Each structure stands twice: as C-alpha cells, then as structure tokens.
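[1] Here's a sequence, model it:
(chains A, B and C)
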Amino acid sequence: MTVENAPSWLEDLNPQQQEAVTAELGPVLVLAGPGSGKTRVLTYRAAYLIYELGVPPFHILAVTFTNKAANEMRERIAELLGGTPRGLTVGTFHSICARFLRRDGDVIGIPSNFVIYDDNDQIGVIKAVLKELDLDEKLYPPRRISNFISRAKNELLTPDMVRARIHREEIFRRVYERYQEKLREAHALDFDDLIMEVVRLFREHDDVLEKYQRRYQHVLVDEFQDTNTAQYEFVKILGKSHRQVFVVGDEDQSIYRFRGADFRNVLRFRKDFPEAKLVLLEQNYRSTGHILAAANAIISKNSSRTPKQLFTQRGEGTKIRLREAYDETEEADFVANEIIRLTGEGYRFGDIAVMYRTNAQSRALEEAFLRHEIPYQLVGATRFYARREVKDVLAYLRLIHNPSDDISFLRIVNVPARGIGAKTVGVLQRWARDAGLAILPALRLVAAGSDSIEPPPLRRRAMDAVLSFARTIEELREESDGMPVPELITALLEKVKYKDYILKDDSEESKERWNNVLELVNVASTILVGPDEDPLTAFLERVSLVSDVDNLRESENGVTLLTLHAAKGLEFPVVFIVGLEDGLLPHSRSIDEPDEMEEERRLFYVGITRAKDLLYLLHTFRRTRYGSSDLSMPSRFLSEIPKDVVENYSPGSYGRSGPGARRSSRNWPFEPLGGSKRSSGGPIPRFYAGQRVRHPKFGVGTVVSVVEKNGDQEVRVAFAGKGIKLFLAKLANLEAV
DNA sequence: GTGGCCCCTGTTTTT
DNA sequence: CAGGGGCCAC
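    Down below sits the predicted model:
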C-alpha cells in the first residue's frame, strides 16, 4: 500500500501522517511533537489495519496510559469505521494486565479475585511489615521504602535480585521481601505488580505467551516515552513473534521519570527492532507561532533528545503574556479577572485551563474562582477515591470480594466503632500470622468450630465483637452473590449503620461525606459490566485503576484547574501557567540534578504546548509555602524564552504596580511592568530591633524584630495605635529616624 | 477503648 | 498549612 492509492479517508492526513498510518507491516516508531496529530495517527492506523488490510479487530491491542486516552481512541476508531469493531482491545497498561492476570494468573499462583492495592494500601502493608520486623518508621520511612519497591518492580527486580549496596538498602530489600509475602497472603497486587506479573507469566509460560501473541498480532502503543522497563518488556515480549509493534511517542514530553518511565526506551526500541520504520511528525496544528517559538526555545536547551523543529502554519498569533503578581492571592485574582475579561471577548470558561506544578497551588485559585463566581473543575488533588468515607465503603466491598484482604479488614474492623480496639487488632494480627492465614479466613474457621485452629487469645467481650463483625461480612458475602453493586452498597450501609456513623453530627462536613457515599453508589450504577464479568470484581477494578484526568469532563463549561503532569495530552485555546518561580518550576527537589532539570524543562514545555491561541505565564514576587511566606525568584526557564514573542502585559483595568514590579535579577531579562516609583540601586538600609523608623504611610514606629531572609530583611515595626506591620527592607520605604 | 488535643514534621509530579 | 502520631483524660 502506498500513499498514491490511499483511500479517500486518508486524505485528511498530511504526508508524514499518511506515511506512518500506511507503513508496511512490521515495527514502526513515530516520534511526534505536541499537537502533531499523534493520537490521530494511532487511531487511523488501527482503522487502516482493519479497513484496508482486513485485519480482524480481534487481533489488535492498543495500549495507553489513562482510561481517558483509551476511551478517546476507542471512540475515534468507531467514528472512522462507523461503529465499534468487535473484539478490539483498547485499554491502559494496568487494566489490560489486570485482565490478563484474572484470566491466566492462576498458573503463576495469582487467584482470579485478587485485589489491587493503591498507594495508601501499600504504605499500610509496609508499616505492618516494619512493626513485624521491629524497625523504626523514623529510620526507615515507609514512603521511601514504597518508592524503593516500586523502582525495583519497574525494573522487574524481585527482592532476591535487588542488590543492596548499603545497610539501609539491605533493610529495604528485606522489607520488600516480607511486603511481597504479605501481598500474596492477602491475594493482593499493587500497581507495579500488574505489569511485572504479566511479564513473569509470559516468561515462565510459553503456552500462555503464545496464546496472547497469536491473539494480539498487532500492538499499538501511545505515549511510548512514558513506558518503564516493565512496560517496555511487556510490549517487546508480546511483539517478539510477529513484530507488528506500532509505537508513538515524544521524548520531549517524557515527564514521568519519577515513576520509572525512561524515554530511552525509544532508543531501546530502535535497537530491539532495528528494521523499524521511523517517522517524524513535526507539523504542529495546535498552537500559534509565538507560542511554538517559546516552546522550541525552551526544549532546545535540553541535551538528551532527538532534535526536532516544530512548525505551524497558523501564523504568529498573540504574543505570550507574562506577568508578575505580588503573591499567590494576587496571582489568582489576576487570573480570575483576566478570565472574566476573556469571556467578554467571546471565550468560554471551558476554553480555559490553569496549570501549576504542585497540587497545593490550586487552593488560591479555587478561592479566587469562588470569589469571582467562575465555574471550574479541578482535576485530581483531593481525589474522590481518597476520601475517607469512600475508602471505608470500598474496603467493605473489597473484603466481601476477597476475605483475605487484611488491609481492608484492618481499615473497617472498627468502623463504625464496635469496640474492637488497637490491642484486640494486634492480637488478631499476630494470631493469624502464626496460623499462616489472613485474619478473616482464620476467624471463619473459628466461627465454624474447626479444631484445626486455636481461637485467638481474647477476652469474651472482644471475642464476641470480632466474631460478630466476621459474621456481618459473611452474611453480606452470601447475600451479595451476583447482586448489582449499587444494591450491595446500599445493603451494607444499612447493615453496618454507616449512615448514622457519618451523620452523627449535622455539620456541613458530615453532609458532604454522606453525599460522597451516595455519589459512590451513583458511580457504581454507571459502571458497565461485561457479560462474563462478576459485577463486584468489575467495579472494584475500574475504581482502582481510575486516573485523575479520567474524570475530566470536557463538555462542561468550567475553567480547568490541573497540574502540568495531568495536562499532557490535552489542549485549550487559553492556558495560564502559574507559579513560574525557581523552586516551584523547576522544583527545588530537581535543581541540583541535571537529569531532573531536563525533566522540569520538559514539564514546562508540555504546559506551553497545551495552548492554542493565548498563553499567560505568571510568577509571583513572594509566595506562601508550608505556611510561611518567602520571596521568590522568577523561574530560570523564563529567561530562555525569546523576548520578541513575549508581551509584557498589564490589562487596563488591572494596572497595579506593586512592589513586585521592581526587580533586579540576572534571571530577569524582561522589562519591569510599569509604575515603579522607587529608584533602583542605591544602598539598602539595614535595620535592627529597637530602632526608630519612619514609614511614609504609617509614620514613625519602633522596629520589633528583624529576620534575615534571602539577602533581605523582614522587619516588624510597631506603630502607635496602628499595630505591628511587616515590611521587607528592600521594598518598604522605611528610613531610620 | 474512645475521642480529643497538641506538637511535629515534611512537604512534586501519579497509573 | 495539614496530616499523623503521641499522649492524656474520660
């Protein structure tokens, strides 16, 4: 098949896109810049295989990283072909692997009703292990250990394969070992296991591997630069026999290093599939010229990349609007006011996104939006599924589904309170462990009067409470078989009197909690269950594997608030990026590591390239972090943007020229925003406690305290009748009297 | 065993 | 600033 006789529906692709879509069978690597039609190429390729080459959809596997991307791909393919092709598999790495394991995991000892442990569950298991091994959480922080374990698993390393170089790593390794046993006992897998275990399944069982290779003769992968070693291996093994592997990615948008992603998998791919056809997509259909120029300038500073030069035919467009606000409150206010102004120009709220480096930054924005009555939707942050009440209900469901799930057992054994305290729980844990069983299954044996197990050493009262709890779960389990999940949730809420527990006072917070529980019932009723799936299994799996962006409703007319990470793959006519300060972007944790710095730069690049028409870049003069306010420096990345694509922007109605307008910094190539009165330069006065000073507005006062900060002084001055005011020596026009 | 208070600490990004 | 752990009083 060549481009010349391509069917008409390929005509809306540019030559490079066509080249990729109609590439001969065999491995294909598409390196696609932002906005160059990456997803389009992927969906057209799938459609092309089916429609032109007559490949049965059954033989196609398309893999993405988020459910949202998977759904989009499925829909777009359906649009092209006029209906969803039967048997086509589209899903995330995690959901696909979970499915494989439910079906075939038994040969490597994975029960088909396994639960998926999330982050918090993992920490819970690690803490339990630390207690068991009598290790101090202070010395061996669970968070670190979980990262350690995750990193190992992403590299496909089992505990015995991890080589510890220092004592501490050896401890981590042992915790990993015991952690893994505990997961197995609980019939649980964590996120990383889903991938790693499938790879193990494929490696250890040729027959299973061959079955999947025969089924999936075409493998398509989106966002290939985000794969970690385990995911790469998954793709490689599956494609080994037929080599029909079509991957699309962009090294410049690799922003998940911290969770094991390695964009060098692109290079590895070229080595493992040397015959791979390489296609570069450089034409950008999204952004205007100025925005693209900034993006190109930023990313070209990175050393490890395949040079690409994006171009657009959209014209130069509006210059980038750069602004400094005094602090995060003013920054948010500026964004809000500007959004209102833009809606007057015909933009809709839904056209606009505000992006930031850390979730904590969303707060100031939310507050401003509430004040200005701007509708918004927040992606991520305090996620619905992380809410306590939601997790409680899910723990009940998980325990019903899988009685060995000790983490869920521990979570709810005393929720609502039923007189089973920490001591009792401790006894139960030790007792079950010695018996080599999970807690609930062990209790079941006791309840059944089995003589294969000694009852736990508990007092009568505690024992009764525990057995009653076990019976409750057992009854729910019996009643629930095959029951639709919403009904099951309702039944269990009733049975354990969860509503009374949540609504024990009638605060707003309680009501909101209860609403969340009801929302969960609602979610359960919207989940699609396949014909051969158990409803509860399906529900729990969908819920475990949702990502933040999955919940983004594009149809809704609200401003989108999201992290730069969550923004990847999206586009908006108007984008605000806030908090462009050293320490935030680039993040302070990355500044002394060159590789990390390159990743921060890519993150900025991803943000910039989300914008179609208007891009606003904001930073503050001072920012409150961890409760205290510090002076901030503009992000060093800002100085990498060519000056001629930036407009120093100050909208008419909002022309404040606060202290932030003045700055002398080598980071700072841009003209200050107008209005500065204070002459720059000249010696900055030094102050000391007890000194008498004069302020132009407050008059004469006494210095109460002086704190040295970032080369400046924070001066507290008491004024008679006006209280104590805080100033920065460099800015406030304080003079010694 | 429960609930409340206080201190302390650790603060990135997430399937 | 906020979540968690430790400690205390019921």
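[2] CA atoms for contacts and neighbours, from now on please.
    Noted.
[3] what about whichever residue of the stretch 551-700 of chain A sits closest to DNA strand B, how many neighbours?
    Using CA to the nearest atom of the strand, the closest approach of the stretch 551-700 of chain A to DNA strand B is made by residue A:626 at 4.2 Å. Around residue A:626 there are 7 other residues, counting by other CA atoms under 10 Å.
[4] Low-confidence stretches in the stretch 351-500 of chain A?
    Scanning the stretch 351-500 of chain A for pLDDT under 70 picks out A:381-383.
[5] Now do the helices in it.
    Along the stretch 351-500 of chain A, counting by DSSP state H, counting those that start in this stretch, helices occupy A:362-371, A:388-401, A:406-412, A:422-435, A:439-447, A:460-480, A:485-495, A:498-502.
[6] For the residue of the stretch 551-700 of chain A closest to DNA strand B, what are phi and psi?
    Main-chain torsions, residue A:626, degrees, to the nearest 10: phi 50, psi 40.
[7] closest one to residue A:614 among the helices of the stretch 351-500 of chain A?
    Judged by CA to CA, the one of the helices of the stretch 351-500 of chain A that comes nearest to residue A:614 is helix A:362-371, at 18.9 Å.
[8] what about the closest residue to DNA strand B within the stretch 301-450 of chain A, how many residues close to it?
    When scored by CA to the nearest atom of the strand, the stretch 301-450 of chain A has residue A:419 as its residue closest to DNA strand B, at 3.1 Å. By other CA under 10 Å, the residues close to residue A:419 number 15.
[9] Residue A:220 too?
    Neighbours of residue A:220 using other CA under 10 Å come to 25.
[10] Could I get the contacting residues of the nearest residue to residue A:573 once chain neighbours are set aside?
    Spatially, and ignoring its direct neighbours in sequence, residue A:573 is nearest to residue A:612 (4.5 Å; CA to CA, 6 or more residues apart in numbering). The contact partners of residue A:612, taken as CA atoms under 8 Å, 6 or more residues apart in numbering, are A:286-288, A:571-574.
[11] mind checking the SS state of residue A:322?
    strand (DSSP: H, G, I helix; E, B strand; the rest coil).
[12] Near it, how many other residues are there?
    Residues near residue A:322, counting by other CA under 10 Å, number 20.
[13] can you check the one 3 residues further on too?
    Counted with other CA under 10 Å, residues neighbouring residue A:325 total 25.
[14] List the beta-bridge partners for it.
    Bridge pairing for residue A:325 (DSSP bridges) gives the partners residue A:620.
[15] of all the residues in the stretch 451-600 of chain A, which ones are close to DNA strand B?
    The stretch 451-600 of chain A has residues A:462, A:545-549, A:563, A:565-566, A:587, A:589-590 near DNA strand B, with proximity defined as CA under 7 Å from any atom of the strand.
[16] again, only this time at 10 Å
    Remark: the part of the stretch 451-600 of chain A in contact with DNA strand B comprises A:458-459, A:461-463, A:465, A:501, A:504-505, A:544-551, A:562-568, A:583-591, A:596, A:599-600, using CA under 10 Å from any atom of the strand.
[17] Against residue A:315, how distant is residue A:36?
    According to CA to CA, to the nearest Å, residue A:36 stands 16 Å off from residue A:315.
[18] When those two are compared, which one has more neighbours?
    Set residue A:36 next to residue A:315 and count neighbours by other CA under 10 Å: residue A:36 wins out with 23 against 10.
[19] quick one, phi psi at the nearest residue to residue A:610 once chain neighbours are set aside?
    Distances taken as CA to CA, 6+ apart place residue A:571 nearest to residue A:610, at 4.5 Å, with adjacent residues excluded. Main-chain torsions, residue A:571, degrees, to the nearest 10: phi -150, psi 150.
[20] from the chain's centre, how far out does stretch A:13-31 sit?
    Here the centre of stretch A:13-31 is set off from its chain's centre by 30 Å, with CA atoms, centre = their mean, to the nearest Å.
[21] mind listing what's buried in that stretch?
    Neighbour-count burial for stretch A:13-31, counted by 16 or more other CA atoms under 10 Å, picks out A:13, A:16-23, A:25-31.
[22] now swap in stretch A:372-384 and tell me
    By neighbour count on 16+ other CA under 10 Å, the buried set for stretch A:372-384 is A:374, A:376-381, A:384.
[23] Now do it: distance from first to last residue.
    25 Å.
[24] can you list the residues that contact it?
    A:336-337, A:340, A:349, A:359-360, A:369, A:390, A:516, A:548-549, A:551-552, A:557-563, A:566.
[25] Give me the subset of those residues lying in strands.
    Judged by DSSP state E, the contacts of stretch A:372-384 include A:559-563 as members of strands.
[26] Any chance of CSV for the residues you listed, columns neighbour count?
    Formatted as CSV, the ones in strands among the contacts of stretch A:372-384 follow (neighbours: other CA atoms under 10 Å):
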residue, neighbour count
A:559, 23
A:560, 25
A:561, 25
A:562, 26
A:563, 24
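[27] Turn the residues you listed into a markdown table, columns for pLDDT.
    What follows is the ones in strands among the contacts of stretch A:372-384, written out as a markdown table (pLDDT from 0 to 100):
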| residue | pLDDT |
| --- | --- |
| A:559 | 94 |
| A:560 | 93 |
| A:561 | 93 |
| A:562 | 92 |
| A:563 | 92 |
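[28] that older thread, which of the residues of the stretch 451-600 of chain A next to DNA strand B are buried?
    By neighbour count, with 16+ other CA under 10 Å, these hold A:462-463, A:465, A:544-545, A:547-550, A:562-568, A:583-587, A:590-591, A:596, A:599-600 as buried.
[29] got the contact list for residue A:116?
    With CA under 8 Å, 6+ apart, residue A:116 has these contacts: A:188-191, A:541, A:544.
[30] Then residue A:499?
    For residue A:499, the contact set (CA under 8 Å, 6+ apart) comprises A:493, A:514.
[31] Model confidence for residue A:665, exactly?
    Note for residue A:665: predicted pLDDT of 40.
[32] still on that earlier bit, next step: the residues of the stretch 451-600 of chain A next to DNA strand B restricted to helices.
    A:461-463, A:465, A:501, A:544, A:564-567, A:596, A:599-600 (DSSP state H).
[33] From what I see, residue A:704 and residue A:718 are in contact.
    Yes - between residue A:704 and residue A:718 a contact is recorded at 6.4 Å, counting by CA atoms under 8 Å.
[34] Which one's more surrounded, these two?
    In this view residue A:704 and residue A:718 are compared by other CA under 10 Å, and residue A:718 has more residues nearby, 21 against 18.
[35] Hmm, that one is touching residue A:702, no?
    Yes - counting by CA under 8 Å, residue A:718 touches residue A:702, with 5.3 Å between them.
[36] Show me whatever sits in contact with both of the two.
    Counting by CA under 8 Å, 6+ apart, residue A:718 and residue A:702 have no contacts in common.
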